[in-house]
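> the sequence and its predicted three-dimensional model are supplied below.
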Amino acid sequence: MFSFYGTKKKIAGLYPAPKYDTIIEPFAGAAAYSLHGDNWKKRVILYDIDPKIVAVWDHLIKATKEDILRLPNVVPGDKVTDFDLIDAPRWLIGFCINPGSSCPKITASKRSHWARYREQIANSVDKIKHWTINRETYEEIENLEATWFIDPPYQKAGKYYKGHGKIDFAKLGEWCKSRKGQVIVCENQGADWLPFRFLTEHRGLMQKNTEVIWTNE
């Protein structure tokens, strides 16, 4: 739906398909897994501690196609602050005008493709009206029987994420093991807080990444 650092958009299809009617993403980011294929049709519950991520998702869930198409055309070199926008759509554009950022940017980079993102978002917002977004830490989430897609800031490569330095990964690992239902945990090669196994290698915007996975199956 929008660009975000560490998004799983390119590799979402490599993860196990959801087995439950509810998908929970405790570290929502751009929620690429929930958007993949027909996953969006399920009950999707998103959580994040970043108020800007939460505000963007709340805006998208409530927005109409026409709302999105009315957003200004921001081209490379433009500053999003030059447009008369409230916070949430300004942050939405800010994520898209500098792809792969962990926070919304102000100036559109040469890699900006906002017009393309705007069209894609406009064609998708009607799909997610049944989704919910909550600003809560992972520890506060009710332990429902669901498909849990857990994509936290990575242990060694997640320093750009809000709140990364406060994560107790040993505690997070035990929490993941205690979830009811199907549990899928994402990480990068070198993480040791769960017995991860190789998933795939793929090239991100800046470098090649080796993705690993842990599941409770």
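That came in fine, so what should we check first?

> pLDDT weak spots in the chain?
Of all residues in the chain, those with pLDDT under 70 make up the ranges 157-165, 203-207.

> for it, which segments count as helices?
32-35, 51-62, 65-69, 87-96, 114-122, 169-177 (DSSP state H).

> what comes up buried for the third one?
Translated: helix 65-69. I68 (16 or more other C-beta atoms under 10 Å). Every C-beta, even on glycine, is put in place using the N, C-alpha and C of the backbone.

> looking at it, K105 is touching N98, isn't it?
Yes. The pair K105 / N98 is scored as a contact, 3.9 Å apart, by C-beta atoms under 8 Å.

> of all the helices of the chain, which lies closest to G77?
With C-beta to C-beta as the criterion, G77 lies closest to helix 114-122 of the helices of the chain, at 11.9 Å.

> what is the closest one packed up against?
Counting contacts by 3 or more C-beta pairs under 8 Å, 6 or more residues apart in numbering; DSSP states H and E, helix 114-122 packs against helix 65-69, helix 87-96.

> can you list the helices of the chain in JSON lines and add distance to Y20?
Output for these, formatted as JSON lines (distance: least, C-beta to C-beta, whole Å):
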{"stretch": "helix 32-35", "distance to Y20": "12"}
{"stretch": "helix 51-62", "distance to Y20": "21"}
{"stretch": "helix 65-69", "distance to Y20": "29"}
{"stretch": "helix 87-96", "distance to Y20": "29"}
{"stretch": "helix 114-122", "distance to Y20": "27"}
{"stretch": "helix 169-177", "distance to Y20": "16"}
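
> out of those helices, flag the one nearest T200.
Using C-beta to C-beta, the helices of the chain put helix 32-35 closest to T200, at 14.1 Å.

> got the CA positions of that closest one in CSV?
Provided in CSV are the C-alpha atoms of helix 32-35 (Å, rounded to 0.1, in the frame of the first residue of the first chain):
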residue,chain,number,x,y,z
ALA,A,32,2.7,-6.5,3.0
TYR,A,33,1.8,-10.0,4.2
SER,A,34,-1.8,-9.1,4.9
LEU,A,35,-2.0,-7.4,1.5
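
> what does it rub up against?
Applying C-beta atoms under 8 Å, 6 or more residues apart in numbering, the set of residues contacting helix 32-35 from outside is 1, 7-9, 12, 15, 23, 25, 39-40, 42, 44, 46, 124, 131, 149, 151, 184.

> roughly how far apart are I97 and V75?
As judged by C-beta to C-beta, to the nearest Å, I97 and V75 stand 9 Å apart.

> anything in contact with each of the two?
With C-beta under 8 Å, 6+ apart as the test, I97 and V75 both reach A108, S112, W114.

> so between I97 and V75, which is more surrounded?
I97 (26 against 12; other C-beta atoms under 10 Å).

> surely that one meets R116?
No. If you go by C-beta under 8 Å, I97 and R116 don't touch, sitting 11.4 Å apart.
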